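Visitor: Sequence and predicted structure, then a few things I'm wondering about:
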Amino acid sequence: PDDNEIPTSITDTQKDCKKPICQGGSPTQGPDDSDLPDQNAPDDCKKETCKSGDIISEDDPTETAPLDDYAEENYCAIRPSDCLEARGLSADAVQWAKDKAAQGYWSASSLSNGIGDAARHAYWNCLMASDISPEFAEGFTNAHEEDTGWCPIQALCEWGYDNPRTVNPCDEKIMDLSNNEAGRGFASQSGSCEANTLGNLNNLNIIP
């Protein structure tokens with residue numbers, strides 16, 4: 001079971017690895033003496049591991065993801081009105097999470113990478129999916145998770161573009177993307193975004 005060839009879906013991501021194999025639970029070199037890369041691609045929050053003799057790609061929270069000063073701007077170039085509404089809903093979600101912390105649903109400290117943060121992302125995405133569309137919500141938040149938060153236009157600073165980041169830890173990105181997806185799913189359920197988010201707190205993703 002430890003001499004399986006790499007699956008076709010992963011083969012095209014490799015460089016000069018004709019026949020990597022699994023040994024001792026870790027990818028290693030194959031008969032062609034080519035080393036298996038640690039990741040499918042640089043900074044993609046993925047790594048290759050062995051499971052039951054097969055090489056698979058899975059999340060790697062120890063890595064860092066790429067950042068782009070213009071990720072949101074590029075996405076919003078042809079969707080300006082939807083993006084303005086999304087930023088307004090973001091502000092609503094931030095205030096909602098703070099209010100729920102004050103009401104004892106979660107601690108104030110959990111608003112950063114904790115359950116309060118997870119709930120905010122889910123609630124925000126649910127609002128966007130309901131008020132705009134699930135497709136827009138997915139595209140916008142995917143761009144958001146790669147944006148530095150740099151303020152290209154002074155007027156936009158009031159919308160939260162005033163604290164640019166220089167690193168994008170994969171554990172935080174993986175957490176946020178998971179909760180964003182969960183929130184979009186809540187929009188298709190009966191009940192309000194608030195009720196569905198609060199009723200599914202145990203199903204949200206937080207950094208261990």
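Guide: Arrived safely.
Visitor: Can you give me the buried ones in stretch 142-149?
Guide: Buried residues in stretch 142-149, counting neighbours by 16 or more other CB atoms under 10 Å, are found at A143, H144, E145, E146, D147, T148. Just so you know, the C-beta spots here come from the backbone N, C-alpha and C atoms, and that holds for glycine as well.
Visitor: Repeat that for stretch 84-96.
Guide: Quick answer for stretch 84-96 (16+ other CB under 10 Å): E85, A86, R87, L89, S90, A93, W96.
Visitor: With respect to pLDDT, which of those ranks lowest?
Guide: Minimum pLDDT for these is recorded at R87 (91).
Visitor: where does E48 fall, phi/psi-wise?
Guide: Per-residue torsions, E48: phi -110, psi 130 (degrees, to the nearest 10).
Visitor: returning to what we had before: for P61, state which of the buried residues of stretch 142-149 is nearest.
Guide: Minimum distance to P61 across the buried residues of stretch 142-149 is 13.9 Å, recorded for E145 (CB to CB).
Visitor: So which residues of this structure form strands?
Guide: Here the chain has its strands, by DSSP state E, at 21-23, 26-28, 46-51, 54-59.
Visitor: Lowest average confidence across those strands, which one?
Guide: Note on those: lowest mean pLDDT is at strand 26-28, with a mean of 56.
Visitor: List the contacts of A137.
Guide: A137 makes contacts with A86, N125, M128, A129, N180, G183, R184, A187, as judged by CB atoms under 8 Å, 6 or more residues apart in numbering.
Visitor: Kindly give a single PyMOL line that selects the buried subset of those residues.
Guide: With 16+ other CB under 10 Å as the criterion, this PyMOL line picks the buried residues out of the contacts of A137:
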select buried, resi 86+125+128+129+180+183+184+187
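Visitor: Tell me how many other residues surround the closest residue to D59 other than its chain neighbours.
Guide: Computed as CB to CB, 6 or more residues apart in numbering, the closest residue to D59 that is not its neighbour in sequence is I174, at 5.3 Å. The burial count assigned to I174 is 19, neighbours taken as other CB atoms under 10 Å.
Visitor: packing partners for the longest helix along the chain?
Guide: In the chain, with assignment by DSSP state H, the single longest helix is helix 80-102. Counting contacts by 3 or more CB pairs under 8 Å, 6 or more residues apart in numbering; DSSP states H and E, helix 80-102 packs against helix 71-76, helix 115-131, helix 134-144.
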